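1. kindly generate the corresponding structure for this input.
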Amino acid sequence: LLGTLFATFVSREWRFAPRHDFKAAILTVVALAGSGILLAPLHKMLYEQKIGQLYFDIDKYSYSWVLISIVLALLITETWFFWIHLALHQKTLYKYIHGVHHSFNPSTSACASAFHPLDIFILAMGAMLVPVLVPIHNGVYSGTLLVNLLSTVLQHTATRTSFSMGVFNDPNLHNIHHDYGRKPKNLGSILCIWDRVVGTYEPNVPKWVKRKQEK
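-> Next comes the predicted model:
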């Protein structure tokens, strides 16, 4: 909530798109409550060290491993997010699950978590996968979750701010993603690596959007 408010006022995104805060707020509450029911038991087992390789003593592994685990966490979450996101753009999954989020176009920071509960659960499993696959310190793991959350809020601002440099998924690229609806474009989480590999990278605002902006 604080991140959304901060992004809204810093970007002054109300100048670029109509607001849909009430609808976004309702969907966000439903999404977080519904996905939380599914994710909470898994997180509990993770932090109780019943599953995965999450650790709390920073000296358990070398500091070089801490740095390596940061890179691995990014690679795992990016890979999971891209391919699951691509699957969610297939006709049936989009119609009944992912299309809920795409009903916001253009997107604003308020709709950053306005998803179908199953959508959040499926995408969040990428982060859960990290400590299952690699030993990772709690601080690094929590930092990974925080960076992904802040990135999501930033990307959903309506400003179409561009700082991508062909590497990062910025507000402009994510708004283009929403412009195209079910057609898969700019599917990455923080980075554009998989989009470039697969051919779903699209840096140009669609012509029909430009025509609307010129009116």
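2. residue 119 contacts residue 100, correct?
-> Yes: counting by C-beta atoms under 8 Å, residue 119 sits close enough to residue 100 to count as a contact (6.9 Å). Bear in mind the C-beta positions are built from the backbone N, C-alpha and C, glycine included.
3. and those two? Which one has more around it.
-> residue 119 (23 against 19; other C-beta atoms under 10 Å).
4. and that one, what element?
-> helix 117-133 (DSSP states H and E).
5. so how far is residue 96 from residue 70?
-> 36 Å (C-beta to C-beta, to the nearest Å).
6. the more surrounded of those two?
-> Using other C-beta under 10 Å, the more surrounded residue of residue 70 and residue 96 is residue 70, with 17 against 11.
7. what sits against the more buried one?
-> Residues in contact with residue 70 (C-beta atoms under 8 Å, 6 or more residues apart in numbering) are 140, 143, 144.
8. and if we set it to 6 Å?
-> Shown in contact with residue 70 (C-beta atoms under 6 Å, 6 or more residues apart in numbering): residue 140.
9. same check, this time on residue 209
-> Per C-beta under 6 Å, 6+ apart, neighbours of residue 209: residue 179.
10. need the nearest residue in space to the residue nearest to the spatial centre of the chain, chain neighbours excluded.
-> In the chain, the centroid-proximal residue (C-alpha atoms, centre = their mean) is residue 152; its distance is 4.6 Å. Once flanking residues are discounted, residue 152 sits nearest to residue 112: 5.0 Å by C-beta to C-beta, 6 or more residues apart in numbering.
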